[in-house]
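> predicted model follows, preceded by the sequence.
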Amino acid sequence: MTPPLGSPNVVDLIRAGKVDLIVNTPRSKQGRRDGYEIRRAAVDFSVPYITTIQAAIAAGDAIMVAAGKGEGGVGVAAVREYREG
């Protein structure tokens with residue numbers, strides 16, 4: 001099985017327990033192929049996986065409401081930010 005991106009990649013981060021939620025809306029054929037690997041890892045490691053913009057907006061709204069009622073904050077980062085450091 002070929003990893004979807006260079007290593008470390010999003011699948012590596014999922015396996016390491018560093019990803020809490022995935023929003024993936026691929027537009028290209030390669031993105032859709034990579035999506036299979038990401039979805040498989042998400043299922044295997046019980047990470048919620050969102051595939052539409054509408055669902056991402058709804059989830060974001062719900063997370064912000066929940067974060068406002070609890071302690072701590074909500075962090076959001078693109079995969080490239082993890083790779084950069």
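Thanks, I have the structure now.
> now do the same for Ile57: its pLDDT.
The predicted local distance difference test score for Ile57 is 90.
> name the helix or strand for it, please.
Taking DSSP states H and E as the definition, Ile57 sits inside helix 53-69.
> now do Ala42
Secondary-structure assignment from DSSP H and E places Ala42 in helix 29-44.
> circling back to that earlier point, with only the CA atoms kept, save the helix holding Ile57 in CSV.
Included here for helix 53-69 are C-alpha records, laid out as CSV according to Å, rounded to 0.1, in the frame of the first residue of the first chain:
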residue,chain,number,x,y,z
ILE,A,53,-18.2,21.6,3.4
GLN,A,54,-21.7,21.8,4.9
ALA,A,55,-20.9,19.1,7.5
ALA,A,56,-17.6,20.8,8.3
ILE,A,57,-19.4,24.1,8.9
ALA,A,58,-22.0,22.4,11.1
ALA,A,59,-19.3,20.5,13.1
GLY,A,60,-17.3,23.7,13.5
ASP,A,61,-20.3,25.6,14.8
ALA,A,62,-21.0,22.8,17.3
ILE,A,63,-17.4,22.6,18.4
MET,A,64,-17.2,26.3,19.0
VAL,A,65,-20.4,26.2,21.1
ALA,A,66,-19.1,23.2,23.1
ALA,A,67,-15.7,24.9,23.6
GLY,A,68,-17.4,28.0,25.0
LYS,A,69,-19.0,25.9,27.7
